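Engineer: Build me a model:
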Amino acid sequence: LRPPLPDAEGDGHFPYARPPPECRTFRLPELETVLGRISRRIEDRVLIRLFRNSYSHTLDTMIKWRGYAHEKQLADNGQNAELPTTDEELTFLVTKEDANVMHLRDSVAHIVPYERLLEPSKEPDSLASLWRGLINLQSRYILAAPFCDAFQPPAESNITPQENPAPALRLTGSLPFDPNFVYDCKWELSNLASFLQLSVVYYYRTEDLEFFAKYSWLDAVAAIIDTTEAMRNGTLDIDGNSLVPAWPFRINGSEGLLDATLPVRENGMVRSAFRPNGEAAVHQLVTPSNVMFAVYLEHAAAILEALSESVHRDDQKKASKREASRALDLATRMRALATGIGEGIKRDAVVKHPDFGEIFAYAVDGNGGVDMPDDAANYPSLLAMPLWNFTLPERKEKAKQPQVVKSVKHVNRRDTGEEKTQDDGAEAGEAKPTTTTSVIAAAPTSTATERAVHTTSSTSTNAHSTQQTSTPDAQYSYTAIYRSTRHFALSSSNTTSSSP
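Structural biologist: Numbering: from 1, shown residues only. Okay, the predicted model is just below:
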């Protein structure tokens with residue numbers, strides 16, 4: 001290993017933290033181009049050092065294993081016999097360097113910042129290959145344990161499973177899952193929303209429909225829909241009898257649905273046993289998780305519809321027609337689920353605050369119980385809602401195309417700020433900063449993309465149709481409500497306790 005470079009000048013004194021190129025877990029030339037270009041545009045040397053260290057961190061250190069899935073078949077002795085590898089790519093991405101565990105939501109949050117570098121490619125060393133591998137492995141995890149959030153390394157990697165120190169998880173006999181496959185099982189909706197986000201980003205950047213039909217993505221989507229539809233039930237039926245939740249088991253000291261202190265009334269939103277920060281959810285209809293899920297349901301439905309149209313157009317086989325029909329049915333269910341969530345949010349999650357007016361509550365129970373304070377330090381949060389375009393005002397004019405940053409590959413080379421520095425990582429210290437501008441271009445338009453844009457620029461489009469009138473000013477819009485929510489979340493009032 002080479003000695004570290006000198007600390008950056010300034011108060012931060014950040015050292016150069018990137019490993020040598022030969023020690024990085026995934027090397028991507030486009031990443032180096034971005035680092036060079038941005039470094040030339042930032043005057044603050046400490047900020048440059050911090051950016052170079054942090055933006056590259058996931059690809060440099062977190063790709064624990066990449067490979068291909070093995071075929072399995074039942075051998076004569078009743079055991080799984082390993083067959084040669086398939087062409088199904090797998091990516092195991094950890095979120096802590098000292099733990100061989102992949103969390104669904106966190107692994108997606110680590111890779112999505114590289115969206116602007118994602119290009120269509122079949123090459124095994126491309127970012128597209130890494131992305132497909134992550135989708136494939138998460139599909140495997142979701143099919144086996146859709147309520148769980150953290151998973152062990154795949155068997156193909158030969159990495160030793162990580163022991164969970166929680167006492168409840170060491171009692172193998174009491175668990176409804178295999179601890180050699182599942183690391184932890186805290187049911188939280190944003191894990192499944194993140195899988196859909198990962199899929200949507202790949203599709204919009206590559207338009208690779210063939211991939212989504214080839215492996216187990218459709219089955220994983222079906223499992224997501226079945227799971228979340230089951231988790232829309234309240235705690236009581238119409239006759240007042242208790243309902244056993246679809247996620248009934250206790251984890252880590254009996255937190256979860258069976259120990260909820262407040263009953264939940266069905267309103268279209270999806271229940272979570274835990275908040276995104278890992279704490280047990282007292283009010284189980286978590287607003288930001290539902291918003292994120294509803295938005296990506298609509299986007300993913302567009303993938304399914306495009307898949308159905310493609311199969312109908314290109315293949316007349318009965319089996320293919322069945323798959324096309326299945327994809328269309330899943331898309332219909334996804335849109336209905338998203339609409340129901342939107343209706344529940346409007347009915348119960350928009351509340352009146354004495355100082356800030358109408359705001360989004362962080363979580364509700366459907367019976368009037370409200371948890372107002374935003375958990376802004378975690379994701380998803382109320383503050384993050386504009387990231388999903390949920391709070392855009394509704395418009396009757398033509399829907400705006402999604403804004404997708406132009407890939408590095410298509411940026412004028414003179415604007416890349418590429419430079420030759422020692423060890424591939426030295427700062428661009430000699431370059432004069434220039435004005436930072438975003439390089440933005442509209443995504444290539446396809447039938448599926450147009451449909452997704454029309455339905456997802458605001459999830460409230462369908463959910464709030466009952467309050468729309470012919471007068472544009474009277475249209476229901478979340479923009480003002482989010483603005484008030486933001487003021488509340490950034491104020492000292494955000495620390496107030498929940499209200500039953």
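Engineer: how far away is K186 from F274?
Structural biologist: 4 Å (C-beta to C-beta, to the nearest Å). The way it works is simple: take the backbone N, C-alpha and C, and place the C-beta from them, glycine included.
Engineer: where are the low-confidence patches of the stretch 201-350 of the chain?
Structural biologist: With pLDDT under 70 as the threshold, the stretch 201-350 of the chain has low-confidence stretches at 248-261, 312-319.
Engineer: Please enumerate the helices of it.
Structural biologist: According to DSSP state H, counting those that start in this stretch, the stretch 201-350 of the chain carries its helices in the segments 209-214, 217-230, 287-314, 318-344.
Engineer: What segments of the protein are strands?
Structural biologist: For the chain, the strands defined by DSSP state E occupy 63-74, 80-93, 102-103, 150-151, 182-184, 285-286, 350-353, 357-360, 363-364, 370-371, 403-405, 440-442.
Engineer: Point out the most buried one among those.
Structural biologist: strand 285-286 (a mean of 30; mean count of other C-beta atoms under 10 Å).
Engineer: Just give the strands next to that strand in its sheet, each with its orientation.
Structural biologist: Pairing partners of strand 285-286, with direction, according to DSSP bridges: strand 363-364 (antiparallel).
Engineer: In a markdown table, list the strands of the chain along with distance to L304.
Structural biologist: As requested, the strands of the chain are arranged in a markdown table below (distance: least, C-beta to C-beta, whole Å):
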| stretch | distance to L304 |
| --- | --- |
| strand 63-74 | 23 |
| strand 80-93 | 20 |
| strand 102-103 | 25 |
| strand 150-151 | 25 |
| strand 182-184 | 27 |
| strand 285-286 | 25 |
| strand 350-353 | 30 |
| strand 357-360 | 29 |
| strand 363-364 | 30 |
| strand 370-371 | 34 |
| strand 403-405 | 21 |
| strand 440-442 | 23 |
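Engineer: if we compare those strands, which one ends up closest to I38?
Structural biologist: strand 403-405 (12.4 Å; C-beta to C-beta).
Engineer: sorry, back to before: of all the strands of the chain, which one is nearest R232?
Structural biologist: Closest to R232 of the strands of the chain, according to C-beta to C-beta: strand 285-286, at 9.5 Å.
Engineer: so how far is the closest one from its chain's centroid?
Structural biologist: Here the centre of strand 285-286 is set off from its chain's centre by 17 Å, with C-alpha atoms, centre = their mean, to the nearest Å.
Engineer: sorry, back to before: lowest-confidence stretch among the strands of the chain?
Structural biologist: Among the strands of the chain, strand 440-442 carries the lowest mean pLDDT, a mean of 26.
Engineer: quick one: A384 from P179, how far?
Structural biologist: For A384 relative to P179 (C-beta to C-beta), the value is 32 Å.
Engineer: which one of the strands of the chain lies closest to S493?
Structural biologist: Across those, closest to S493 is strand 350-353 (C-beta to C-beta), at 7.7 Å.
Engineer: For that closest one, which strands pair with it and how are they oriented?
Structural biologist: Partners of strand 350-353, by DSSP bridges, with direction: strand 357-360 (antiparallel).
Engineer: quick one: contacts of the strand it pairs with?
Structural biologist: For strand 357-360, contacts defined as C-beta atoms under 8 Å, 6 or more residues apart in numbering pick out 287, 345, 349-353, 372, 382, 385, 480-482, 484-485, 488.
Engineer: before we move on, back to that, which one of the strands of the chain lies nearest to W131?
Structural biologist: That would be strand 80-93 among the strands of the chain, by C-beta to C-beta, at 7.8 Å.
Engineer: just checking, what packs against that closest one?
Structural biologist: Under the contact criterion of 3 or more C-beta pairs under 8 Å, 6 or more residues apart in numbering; DSSP states H and E, strand 80-93 touches strand 63-74, helix 104-111, helix 127-144.
Engineer: Contacts for the first one next, please.
Structural biologist: So that's strand 63-74. In contact with strand 63-74 (C-beta under 8 Å, 6+ apart) are residues 25-26, 80-94, 100, 102, 129-130, 133, 136, 140, 153-157, 159.
Engineer: Now do it and helix 104-111, the angle between them.
Structural biologist: Computed with axes from the mean of the first three to the mean of the last three C-alpha atoms, to 10 degrees, the direction of strand 63-74 lies at 130 degrees from that of helix 104-111.
Engineer: measure the residue lying closest to D226 once chain neighbours are set aside to R322 for me?
Structural biologist: With C-beta to C-beta, 6 or more residues apart in numbering as the criterion, D226 has its nearest non-adjacent residue at 7.8 Å, and that residue is P146. Using C-beta to C-beta, one gets 23 Å for the distance from P146 to R322.
Engineer: Neighbour count: these two, which is higher?
Structural biologist: Ranked by neighbour count (other C-beta atoms under 10 Å), P146 and R322 place P146 first, with 22 against 11.
Engineer: Stretch 278-296: which residues count as buried?
Structural biologist: Applying a neighbour-count criterion of 16 or more other C-beta atoms under 10 Å, one finds 280-296 buried in stretch 278-296.
Engineer: give the contact list for the most centrally placed residue in the chain.
Structural biologist: Centroid check for the chain by C-alpha atoms, centre = their mean gives S194 as the closest residue, at 2.0 Å. By C-beta under 8 Å, 6+ apart, the residues touching S194 are L104, R105, V108, A109, M292.
Engineer: Buried ones only from those, please, as a ChimeraX command.
Structural biologist: Here is the ChimeraX command that selects the buried residues among the contacts of S194 (16+ other C-beta under 10 Å):
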select :104,105,108,109,292
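Engineer: Export the contacts of S194 as a markdown table, with columns for distance to F360.
Structural biologist: Below are those laid out as a markdown table (distance: C-beta to C-beta, whole Å):
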| residue | distance to F360 |
| --- | --- |
| L104 | 24 |
| R105 | 20 |
| V108 | 23 |
| A109 | 21 |
| M292 | 13 |
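Engineer: Check the contacts of S194 and tell me the two furthest apart.
Structural biologist: Longest span within the contacts of S194, C-beta to C-beta: L104 and M292, 12.9 Å.
Engineer: quick revisit: of the strands of the chain, which approaches S310 most closely?
Structural biologist: S310 lies closest, by C-beta to C-beta, to one member of the strands of the chain: strand 80-93, at 20.2 Å.
Engineer: Just checking: what are the partner strands of the closest one?
Structural biologist: Within its sheet, and counting by DSSP bridges, strand 80-93 is paired with strand 63-74 (antiparallel).
Engineer: follow-up on the earlier one: deepest of the helices of the stretch 201-350 of the chain, which one?
Structural biologist: helix 287-314 (a mean of 25).
Engineer: Let me know the closest of the contacts of strand 357-360 to T58.
Structural biologist: Distances from T58 to the contacts of strand 357-360, taken by C-beta to C-beta, are shortest for M385, at 24.3 Å.
Engineer: Pretty sure T479 is one of the things that closest one touches, is it not?
Structural biologist: No: between M385 and T479 there is no contact under C-beta atoms under 8 Å: 10.5 Å.
Engineer: More neighbours: which of these two?
Structural biologist: M385 (23 against 12).
Engineer: can you pull the contacts of the more buried one?
Structural biologist: M385 neighbours (C-beta under 8 Å, 6+ apart): P288, V291, F360, T391, Y482, T485.
Engineer: Relative to E88, how far out is A155?
Structural biologist: 13 Å.
Engineer: hmm, I was thinking of P15
Structural biologist: Distance of P15 to E88, given as C-beta to C-beta: 40 Å.
Engineer: Tell me which residues are up against stretch 216-223.
Structural biologist: 135-136, 138-140, 142-143, 146, 195-196, 199, 211-212, 300, 304, 323, 326-327, 330, 334.
Engineer: mind redoing it with 6 Å?
Structural biologist: The list of residues contacting stretch 216-223 from outside it, by C-beta atoms under 6 Å, 6 or more residues apart in numbering, reads S139, I142, L143, P146, L330.
Engineer: what does stretch 363-376 give?
Structural biologist: 262, 264-265, 267, 277, 283, 285-286, 348-349, 351, 361-362, 381-383, 489, 494, 498-500.
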